[in-house]
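> Let me see the structure of the following:
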Amino acid sequence: MSEKYSLKKLLGPAILLGVLMGGCKKIDEGFLSDGLYVPDNPLTIQRGNPFQKTNAILADGTTQPMTITLLDVRRADTKKHADEFFKEYPVYVYTASVDPAVDTTIEQVNKKRTLKNLKPFVFLTSGQFIFNGATDSLPLGVTYEYDIQVSNVAGSKVYKNIATMTTVDPPLITETTANCNFFPDDGSATIPMGAPTMTITRVNESGASVILKITDKNGKPFNPNKGEIIKRGDRPRFENYARFHPIQYTDTAMICNFEIAPFPLSKYSSGGTNWNYLMYYRVPSAFLKVDPALTSKIGSANPLFAFRLMKAGVYVVEIKLPKVTHI
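As a prediction, the model looks like this:
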């Protein structure tokens, strides 16, 4: 009886010591999830967009704070490091907004911008990209993949191919509208002619010019140098939107160096009227013949149209008038 009692006395403290020692085992600090992810994957990079910010990486319960580092960006097609992603490109950085109603010369514009060499992106510790205008120098339609490292109190982990991103161009042309009316020279009622055909072609990614042509139904241009295209009263025209450089006139076109995209940079207002982006012109009766099916009267063609170009480049804009032949 005494032996059993003694054994119990000896075992009791030993078991208690074992429990205490087990309770002192170091507890892992923090958590680093395998399942964190990029919520807007796949990412879309709009080339030339001066500011585009992606969403933060979702932590999936990972202990905060966490720090995210960009390790590599590769082309998805070749699996090679994307050198072009890490180069610096010249891009204008604006220190103040440009108001075309006030800043009417290139000298005034240059006071509000600085030409800097920038990488196309900044990567934040939250896992967000901030893309800038230098993305316009990245190739179009290329998909990239990238790797990150995430660190917190629990340690660090590498996430290969966490997401992909593809370069795209935003819509190049918006705000398109066109119409045309016949004004008889005798002052009688206006005759609708139908909408002109507007064709806008980007012929070069470099530069910032619009070559505007107004043509007859066969594509023969009217000559602005010879008075075949004239303004229409006090209504806005091409010149009202081309603020930074003078319009050049040729025998076939009106040419504008618009300098800053988008073009027009802003809507046009005058005398309490908001004209949006509309342009009005007149082709006098001396330079055209109207289709007999429309009218037997003599008169002028009066097109109105609007367009907005969202990126720099050289564009040819042709406004082809319906039911009219150049003479």
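> okay, CA-based contacts and neighbour counts for the rest of this
OK.
> Heading C-terminal from the biggest strand by length in the chain, find the next helix or strand.
The single longest strand within the chain, with elements called by DSSP state E, is strand 155-168. As assigned by DSSP states H and E, the chain's next helix or strand after strand 155-168 is strand 173-184.
> Could you please name the strands that next one pairs with and the direction of each pair?
The pairing partners recorded for strand 173-184 under DSSP bridges are strand 191-192 (antiparallel), strand 299-309 (antiparallel).
> Outline the domain layout of the protein.
43-168, 173-326 (automatic domain parsing).
> okay, the ones you listed in a markdown table with mean neighbour count next?
Shown next, in a markdown table, are the domains of the chain (neighbours: other CA atoms under 10 Å):
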| stretch | mean neighbour count |
| --- | --- |
| domain 43-168 | 17 |
| domain 173-326 | 18 |
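> These into TSV, with extra columns for mean pLDDT?
As requested, the domains of the chain are arranged in TSV below (pLDDT from 0 to 100):
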stretch	mean pLDDT
domain 43-168	96
domain 173-326	96
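> Looking at the ones you listed, spot the one closest to Asp34.
Nearest to Asp34 among the domains of the chain is domain 43-168 (8.3 Å), distances taken as CA to CA.
> Where do the helices of the protein begin and end?
Along the chain, the stretches classed as helices by DSSP state H are 2-23, 83-86, 106-110, 238-241.
> measure the residue lying closest to Gly35 once chain neighbours are set aside to Glu145 for me?
For Gly35, ignoring the flanking residues on the chain, the nearest one in space by CA to CA, 6 or more residues apart in numbering is Asp60 at 6.0 Å. Computed as CA to CA, to the nearest Å, the Asp60 to Glu145 distance reads 21 Å.
> Check Arg237 too.
Separation of Arg237 from Glu145 (CA to CA) stands at 47 Å.
> Equivalent analysis for Pro224, please.
If you go by CA to CA, the gap between Pro224 and Glu145 works out to 51 Å.
> for Thr174, same thing?
31 Å.
> Out of the domains of the chain, which gets nearest to Gly30?
Nearest of the domains of the chain (CA to CA): domain 43-168, 4.8 Å.
> how far out from the middle of the chain is the closest one?
Domain 43-168 has its C-alpha centroid displaced from the chain centroid by 14 Å (CA atoms, centre = their mean, to the nearest Å).
> So what would you say the end-to-end distance of it is?
End residues of domain 43-168 are separated by 10 Å (CA to CA).
> which residue packs closest to Ala195, ignoring adjacent ones?
Nearest to Ala195 is Asn179, by CA to CA, 6+ apart, at 4.2 Å.
> I figured that neighbour hits Leu304, correct?
Yes: under the contact definition of CA atoms under 8 Å, Asn179 touches Leu304, with a separation of 5.4 Å.
> Surely Lys112 is in contact with Tyr92?
No: using CA under 8 Å, Lys112 makes no contact with Tyr92, being 9.7 Å away.
> Which elements pack onto the longest strand of the chain?
Applying 3 or more CA pairs under 8 Å, 6 or more residues apart in numbering; DSSP states H and E, one finds that strand 155-168 contacts strand 43-46, strand 143-152.
> Can you give the strand pairings for it, parallel or anti for each?
Sheet pairing here is set by DSSP bridges, and for strand 155-168 it gives strand 43-46 (parallel), strand 143-152 (antiparallel).
> So for this protein, the centremost residue is which one?
The centroid of the chain falls nearest to Asn49 when counting by CA atoms, centre = their mean (4.1 Å).
> Which residue comes closest to that residue once chain neighbours are left out?
Spatially, and ignoring its direct neighbours in sequence, Asn49 is nearest to Gly133 (5.2 Å; CA to CA, 6+ apart).
> what's the answer for Ala312, then?
In space, not counting the residues next to it along the chain, Ala312 is nearest to Ala208; the distance is 4.9 Å by CA to CA, 6+ apart.
> I figured that neighbour hits Asn257, correct?
Yes: when contacts are counted by CA under 8 Å, Ala208 is listed as touching Asn257 (5.7 Å).
> if I look at Thr125, how far off is Lys323?
Separation of Thr125 from Lys323 (CA to CA): 62 Å.
> now Thr197
11 Å.
> and Phe86, what does it touch?
Contacts here follow CA atoms under 8 Å, 6 or more residues apart in numbering; on that basis Phe86 touches 119-120.
> partner residues bridging Leu58?
Counting by DSSP bridges, Leu58 is bridged to Tyr37.
> Kindly report the same for Ile68.
Beta-bridge pairing for Ile68 (DSSP bridges): Val150.
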